[in-house]
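Only the shape, not the letters, is given here:
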């Protein structure tokens, strides 16, 4: 099958380099160029697998001008590309959604290659029922907007949040203030890495448990308060 005139959306490891599919490796080797957020991270990933490809940067700073340029390469030059994020499944709180939408609009085939995901990894290891959950992503950075958002969160769903590795303490403190310290939650810390660990408890307990925890990537899941769910 020809790869031409396609955009592959490729999931890459979130920490453990073994967590990449054979299909992803094949596509990364065969595409004309790779689209990444940061040259350092993109180069490091490809270098690990001994893949040499031209990199095009697409991030929050250049997305407006880069999207038409990449589309030009795909449409007019007949090239094909792989879109990757710094880690994990692309487009979850990452740039590139507009590029994918434009590809659909202009007839360029979009091919997702599933793989490692911090969101799914956290849910898989959580022990939660998984019959009702919401992916929230990042809360607003503004303190007042964050407070408003937290106080409007639905209670009947488990809710998955992302945050910068160095903001765990601030996140837990904000949740304690706005939803209450007795609310149950879970933290999935350094998924796929040797230091991987799951922390369960109330928000107050999590604050204590993680007080000396070194900075690291994590996923936070706020548990529902409505427990009388039905399994289908």
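Yep, it's here. Computed from a prediction, not measured in an experiment: that's the story for all the values here. Numbering: from 1, shown residues only.

Find the nearest non-adjacent residue to the residue nearest the centre of the chain, please.
In the chain, the residue lying closest to the centroid (C-alpha atoms, centre = their mean) is residue 92, at 4.4 Å. The shortest distance from residue 92 to any non-neighbouring residue, by C-beta to C-beta, 6 or more residues apart in numbering, is to residue 119 (6.3 Å). In short, each C-beta sits where N, CA and C put it, glycine included.

how many other residues sit next to the one you found?
Close neighbours of residue 119, defined as other C-beta atoms under 10 Å, add up to 21.

likewise the one 4 residues further on?
A total of 20 residues lie near residue 123 under the criterion other C-beta under 10 Å.

cool, residue 127 as well?
For residue 127, the neighbour count with other C-beta under 10 Å is 10.

one step back: how much space separates the residue nearest to the centre of the chain from residue 153?
19 Å (C-beta to C-beta, to the nearest Å).

Show me how the record splits this structure into domains.
Domain segmentation of the chain under automatic domain parsing yields 6-113, 118-222.

now the strands: where do they sit in this protein?
Counting by DSSP state E, one finds strands in the chain at the ranges 6-10, 33-36, 54-57, 81-83, 109-113, 133-137, 158-162, 184-189, 197-202, 218-222.

ok so, going back, for the residue nearest to residue 92, which residues are in contact?
Applying C-beta atoms under 8 Å, 6 or more residues apart in numbering to residue 119 gives the contacts 88-89, 92, 135, 160, 162, 219.

Dump the domains of the chain to CSV, plus mean pLDDT.
Formatted as CSV, those follow (pLDDT from 0 to 100):
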stretch, mean pLDDT
domain 6-113, 96
domain 118-222, 96
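
if I look at the residue nearest to residue 111 when sequence neighbours are not counted, how far off is residue 141?
Closest residue to residue 111 apart from its sequence neighbours, by C-beta to C-beta, 6+ apart: residue 8 at 5.0 Å. Between residue 8 and residue 141 the computed distance is 32 Å (C-beta to C-beta).

These two: which is more packed in?
Each of residue 8 and residue 141 had its neighbours counted (other C-beta under 10 Å), and the higher figure belongs to residue 8 (24 against 9).

Bridge partners for the more buried one, pull those for me.
In this entry, residue 8 is beta-bridged to residue 82, residue 111, by DSSP bridges.
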